[in-house]
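Peer 1: below is the sequence, then the predicted model.
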Number of protein chains: 2
Amino acid sequence: MSTMEQIKNLREKTGAGIVDVKKALDEAKGDEVKAIEILRKRGQDKALKKSDREALEGIVVAYVHSNNRMGALLKLSCETDFVARNEEFRELGHDIAMHVVAAAPQFVKAEDVPDALVEKEKIIWREQLVREGKPEEMFEKIMMGKEEKFRKDISLLTQSFIKDPTKTVGELLTEKIHKIGENIQVSSFIRYEM
Amino acid sequence: MSTMEQIKNLREKTGAGIVDVKKALDEAKGDEVKAIEILRKRGQDKALKKSDREALEGIVVAYVHSNNRMGALLKLSCETDFVARNEEFRELGHDIAMHVVAAAPQFVKAEDVPDALVEKEKIIWREQLVREGKPEEMFEKIMMGKEEKFRKDISLLTQSFIKDPTKTVGELLTEKIHKIGENIQVSSFIRYEM
């Protein structure tokens, strides 16, 4: 049984129609992750499909914290010049730049985190596990969990959005892709701190 | 014979006292470059000495062009928190960020330009010289000139300052170091364009 809340949530995430979302949720017995899979397989995830389209227009956005000691610069891209001038699109850019200043992500996506960086962390985690006396056979599973968390914590799209921690920045983008109707991407960003 | 104009100019550039500047200019027979050398040897170039001191305080400055398609972020450092809050220092940061957006430098100093980048250009210059039928024995000298110009053209401190092309950004910094009385440096900058 799908609740109204779930339907609303999934529509925002996928951009699919209400009937399609209801069907998918019923089939998935209320499991949202499975429902997204079903919508994706059927090509009904409009927002997710839009995120494959080329985004070559867009804006450059800057945000400097009021203490003048931290700032961020980013490129928010979209498909048309028309959207690049859209007020909501510009607000999104501002909010993401502010998020970058506050949350200090180092990469756009979790998969962008270089393996070499993860390997360095793994050495420390392993030492911790040994110190804590955890059984050797649990190491691999624990380390996998730690790696996933580490990658997500330092990547923009998987961080909780500072202005609304109920969603990630990636989910915010998907919502806006659905609402604005174009692929939107953070193509690059940088953060400086004195 | 030193003119008032020259004395004023050299004082701004070096931060040396009026008597020292006059003496140095007389000795150098009005040659400003030589006069700076003389002041430097005698340790009378206060501004130049200040630029060796550590600058760990400062501000992060952003500038986005009105078309929202180009922007720059930079760190302008100084020695004390007091100067970091100074209005003139902040204006300087704003002006340099605007300069970066307009003039698109790629490095801070001419010597920061990687040799590998210069070598690539040299191949093209050499081909041009051959095509133009320039005598082989002149190549080295011409190439040295081209390399110097190339390095200066793409480096922030050696570019003509867009708001006042009679000086370079580096000269502007030296003036401000003298006026504000602390070492000031552009420690990093980045420019984005859609």
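Peer 2: Looks like it came in fine.

Peer 1: give me the residue from chain A nearest chain B.
Peer 2: A:A62 (3.3 Å; C-beta to the nearest C-beta). C-betas here are computed from N, CA, C, even on glycine.

Peer 1: that residue bridge partners, please.
Peer 2: Beta-bridge partners for A:A62, by DSSP bridges, are A:L73.

Peer 1: correct me, but it touches B:Y63?
Peer 2: Yes - with contacts defined as C-beta atoms under 8 Å, A:A62 counts as touching B:Y63 at a distance of 7.2 Å.

Peer 1: quick check: neighbours shared by the two?
Peer 2: Counting by C-beta atoms under 8 Å, 6 or more residues apart in numbering or on different chains, the common neighbours of A:A62 and B:Y63 are B:G71.

Peer 1: near chain B, which residues of chain A?
Peer 2: Within chain A, the positions lying close to chain B (C-beta under 8 Å from any C-beta of the partner chain) are A:57-65, A:68-75, A:77, A:84, A:90, A:188, A:190, A:192-194.

Peer 1: hey, where'd the helices end up in chain A?
Peer 2: Taking DSSP state H as the test, the helices found in chain A are A:4-14, A:18-27, A:32-41, A:46-50, A:81-84, A:87-103, A:115-131, A:139-153, A:169-180.

Peer 1: check these for me: which has the lowest mean pLDDT.
Peer 2: Ranked by mean pLDDT, the helices of chain A end with helix A:46-50 at the bottom, a mean of 67.

Peer 1: can you turn the buried part of the residues of chain A next to chain B into a ChimeraX selection?
Peer 2: A single ChimeraX command is used to select the members of the residues of chain A next to chain B judged buried by 16 or more other C-beta atoms under 10 Å in any protein chain shown:
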select /A:57,58,59,60,61,62,63,64,68,69,70,71,72,73,74,75,77,84,90,192,194
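
Peer 1: domains of chain A?
Peer 2: Split into domains by automatic domain parsing, chain A comes to A:4-50, A:57-108+A:154-193, A:114-153.

Peer 1: what residues sit buried inside the last one?
Peer 2: Meaning domain A:114-153. Buried residues in domain A:114-153 (16+ other C-beta under 10 Å): A:122, A:125, A:129, A:143, A:146-147, A:150-152.

Peer 1: next one: that domain to chain centre, how far?
Peer 2: Distance of domain A:114-153 from the chain centroid (C-alpha atoms, centre = their mean, to the nearest Å) equals 23 Å.

Peer 1: next one: the first one
Peer 2: Using C-alpha atoms, centre = their mean, the mean C-alpha position of domain A:4-50 is found 18 Å from that of the whole chain.

Peer 1: got it, and the second one?
Peer 2: Averaging C-alpha coordinates over domain A:57-108+A:154-193 and over its chain gives two centres that are 10 Å apart (C-alpha atoms, centre = their mean).

Peer 1: burial count for A:E79?
Peer 2: Neighbour count of A:E79, defined by other C-beta atoms under 10 Å in any protein chain shown: 20.

Peer 1: please look at it and A:A55 and confirm they touch.
Peer 2: Yes - when contacts are counted by C-beta under 8 Å, A:E79 is listed as touching A:A55 (5.4 Å).

Peer 1: any common contacting residues for those two?
Peer 2: Common contact partners of A:E79 and A:A55 (C-beta under 8 Å, 6+ apart): A:182-183.

Peer 1: which residues touch A:I59?
Peer 2: Contact partners of A:I59, counting by C-beta under 8 Å, 6+ apart, are A:75-76, A:84, A:89-90, A:93, B:68-69, B:194.

Peer 1: mind redoing it with 6 Å?
Peer 2: Contact analysis of A:I59 by C-beta atoms under 6 Å, 6 or more residues apart in numbering or on different chains lists A:76, A:84, A:93, B:68.

Peer 1: dump those residues to JSON lines, plus distance to A:M4.
Peer 2: Formatted as JSON lines, the contacts of A:I59 follow (distance: C-beta to C-beta, whole Å):
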{"residue": "A:L76", "distance to A:M4": "32"}
{"residue": "A:A84", "distance to A:M4": "34"}
{"residue": "A:G93", "distance to A:M4": "31"}
{"residue": "B:N68", "distance to A:M4": "38"}
